[in-house]
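A.B. asks: Return atomic coordinates for the entry below.
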Amino acid sequence: MEIKVPDIGDFDAVPVVAILVSVGDTVAEEDPLIELESDKATIEVPSPVAGVVKEIKVAEGDKVGEGAVIMIFEGAGTEDAPKAAEAAATPAAAAPQAIAATGTAGGAGDVHGEVVVLGSGPGGYTAAFRAADLGKSVVLIEKNPTLGGVCLNVGCIPSKALLHVAKVITEAEDMGAHGVSFAKPKIDLDELRAFKDGVVSQLTGGLDGLSKARKVTIVRGTGKFTGPNMIEVTGDEGTKTVSFDNCIIAAGSEPVHLPFLPHDDERVIDSTGALELKDIPKRMLVLGGGIIGLEMACVYDALGSKVTIVELMDQIIPGADKDIVKPLHNRIKGRYENILLKTKVTAMEAQKGGLKVTFEDDKGEVTTGTFDKVLVAVGRTPNGKKIDADKAGVAVDERGFIAVDSQQRTGVNHIFAIGDLVGQPMLAHKAVHEGKVAAEVCAGHKRHFDANLIPSVAYTDPEVAWCGVTETEAKAKGIKFEKGVFPWAASGKALSNGRSEGMTKLLFNPDDQRVIGGCIVGTNAGDLIAEVALAIEIGADAVDLGHTIHPHPTLSETVNFAAEMFEGTITDLMPPKKKKH
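C.D. replies: The predicted structure follows:
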């Protein structure tokens, strides 16, 4: 089918300034195809039908008028065009496969929902609330007394409350180098716990109110599938059956269990145990140098523990670039008792005087140490194998993950999965967006999860944040890049804060200068990374960031300055290279 310029008013020859699609693209009705520019306005020409672009008949700079053929579509104007467009918009990855359902339960349950959500973490409650807002009757199943899952109850939120306390303590200590000294803090663990628990209860209580307002039915207990359309929930009040038209699995994950550790000893704790804050150990070992371990190390260090980190890899936070992690490593190296890299724990013995731990480094050298507490933070494992998904025909791999397509569908068409269960990164903000996609697809919307990136943040001191392509990843995959790096030692705000160890690094595609990745280390890096994420999502380039006026003096300026370092237009430092402009 020929696609022609429609009636665009009293214009005979208007130049084409942009072509907004490419050959092979799938176009929905009303999607913009080209952009024209008259002396009065810029005009977007929308597609009159859905279809696939077979040929583009114009080029930028051509002049067109009403009736001019601009493109040729395949499948356009036929009854199958909308279906073809939707199918082509779906990523080419093979759809998840179903297995034979082993559960036989059917019919109507004690409770029925058009949409049933299994798990009430950030992804789960988001999915439930969004589905309810779209007019669906919703049932939310939660095994714990409060909504919010790991994140709100024993994860993201309570840890950030304690990290705020740690930040206040260490900032007061740091002021001693600037002529202002404070007495050693007096720590009341009961009051500190009450503060942390108060933050949690305020948020979880808010979820209860929102679920009531949306008429979401809450069923308390542990849910397991008993058939393709049935879940059995076992709780304090006995067993209930919940039937559904659509189900969204949001069952989350739990800490990895290492079999050679004495987990029955109360001195061996996971992140949940660390957040209970029962005491402040004199010597604490953190097993794992990832984000969770380092955040808890930050808290206990500030409260007075002597902390040792042991990490199997050659750097802390292995997912981040080494140069970005270095300022954090240097700071905690001066505060912690030890940081053991390329080292593994080979044995742990529970003794009366503490936990005796045996270490072995990459050279085979064996050492021991005794600690009052050991925090095991070596990762999390998905709960896919705990929900009897096979009884519904949903496949779960050997690690506990459930494969989904871009609409969050499992191999069973009416069952969806989101969050930690569907793969890395195991982050609440990823689960939230997946939950919205699943809920909207359940409501008949043509939605797909198509995020270009998912930011990661370590809320350590200093914070470490990154998004998009990292330098390590680019080198490993052969992705072309150039970078702009701005050291915070040249930032007036960072110097004024007494925290100039930070750095902002941006990665650019050398062909079109668009931002493809960014890393920030320094105070409030977690807040600053959002600008970089938005820049990548909208396809911003170095000029966009460099010409955006940032307030002065702020840490946000460092994003602007990193872009200028790449461009060679920086004036606050000597530019690393010159570019013609």
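A.B. asks: for residue 497, what are its contacts?
C.D. replies: Residues counted as contacts of residue 497 (C-beta atoms under 8 Å, 6 or more residues apart in numbering) are residue 523. No exception for glycine: its C-beta is placed from N, CA and C like everyone else's.
A.B. asks: Helix or strand with the lowest mean pLDDT in this protein?
C.D. replies: Least confident element among the helices and strands of the chain, by mean pLDDT, DSSP states H and E: helix 81-89 (a mean of 40).
A.B. asks: For the very next helix or strand once past that helix, which helices and strands make contact with it?
C.D. replies: Using DSSP states H and E, the helix or strand that directly follows helix 81-89 along the chain is strand 111-118. The contact analysis (3 or more C-beta pairs under 8 Å, 6 or more residues apart in numbering; DSSP states H and E) places strand 111-118 against helix 122-133, strand 138-142, strand 217-220, strand 238-249, helix 428-442.
A.B. asks: got the angle for strand 111-118 vs helix 122-133?
C.D. replies: 140 degrees (axes from the mean of the first three to the mean of the last three C-alpha atoms, to 10 degrees).
A.B. asks: how far does stretch 285-305 sit from the chain's center?
C.D. replies: Between the centre of stretch 285-305 and the centre of its chain there are 21 Å (C-alpha atoms, centre = their mean, to the nearest Å).
A.B. asks: what's the answer for stretch 48-62, then?
C.D. replies: Relative to where its chain is centred, stretch 48-62 has its mean C-alpha point 36 Å off (C-alpha atoms, centre = their mean).
A.B. asks: Can you give me the end-to-end span of that stretch?
C.D. replies: 21 Å (C-alpha to C-alpha, to the nearest Å).
A.B. asks: And the average pLDDT for the longest helix seen in the chain is what?
C.D. replies: Determined from DSSP state H, the single longest helix within the chain is helix 189-213. Mean pLDDT, computed over helix 189-213, is 95.
A.B. asks: can you list contacts of that helix?
C.D. replies: Outside helix 189-213, the residues that touch it by C-beta under 8 Å, 6+ apart are 120, 125, 128-129, 140, 146-148, 152-153, 157-158, 161-162, 165, 218, 275-280.
A.B. asks: who's residue 238 bridged to?
C.D. replies: With DSSP bridges as the criterion, the beta-bridge partners of residue 238 are residue 235.
A.B. asks: So for it, what's the pLDDT?
C.D. replies: Taking residue 238 on its own, its pLDDT is 94.
A.B. asks: Pull up the gap between it and residue 108, please.
C.D. replies: When distance is defined by C-beta to C-beta, to the nearest Å, residue 238 is 18 Å away from residue 108.
A.B. asks: what's near enough to touch residue 529?
C.D. replies: 455, 457, 465-467, 518, 520.
A.B. asks: Also residue 53?
C.D. replies: Per C-beta under 8 Å, 6+ apart, neighbours of residue 53: 21-27, 71-74.
A.B. asks: and residue 385, how many neighbours does it have?
C.D. replies: Close neighbours of residue 385, defined as other C-beta atoms under 10 Å, add up to 16.
A.B. asks: Which residue comes closest to it once chain neighbours are left out?
C.D. replies: Closest residue to residue 385 apart from its sequence neighbours, by C-beta to C-beta, 6 or more residues apart in numbering: residue 400 at 4.9 Å.
A.B. asks: Likewise for residue 18?
C.D. replies: Per C-beta to C-beta, 6+ apart, closest to residue 18 is residue 35, 3.9 Å.
A.B. asks: Quick one: low-confidence residue ranges for the stretch 201-350 of the chain.
C.D. replies: Along the stretch 201-350 of the chain, segments meeting pLDDT under 70 are nowhere present.
A.B. asks: quick one, helices of it?
C.D. replies: Counting by DSSP state H, counting those that start in this stretch, the stretch 201-350 of the chain has helices at residues 271-276, 291-303, 322-333.
A.B. asks: can you put those helices in a markdown table and add mean neighbour count and distance to residue 442?
C.D. replies: Below are those laid out as a markdown table (neighbours: other C-beta atoms under 10 Å; distance: least, C-beta to C-beta, whole Å):
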| stretch | mean neighbour count | distance to residue 442 |
| --- | --- | --- |
| helix 271-276 | 19 | 31 |
| helix 291-303 | 24 | 32 |
| helix 322-333 | 18 | 39 |
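A.B. asks: and residue 450, which of those is closest to it?
C.D. replies: helix 291-303 (25.5 Å; C-beta to C-beta).
A.B. asks: and that closest one, what other elements does it pack with?
C.D. replies: If you count contacts as 3+ C-beta pairs under 8 Å, 6+ apart, helix 291-303 packs onto helix 156-174, helix 271-276, strand 283-287, strand 306-310, helix 322-333, strand 373-376, strand 456-458.
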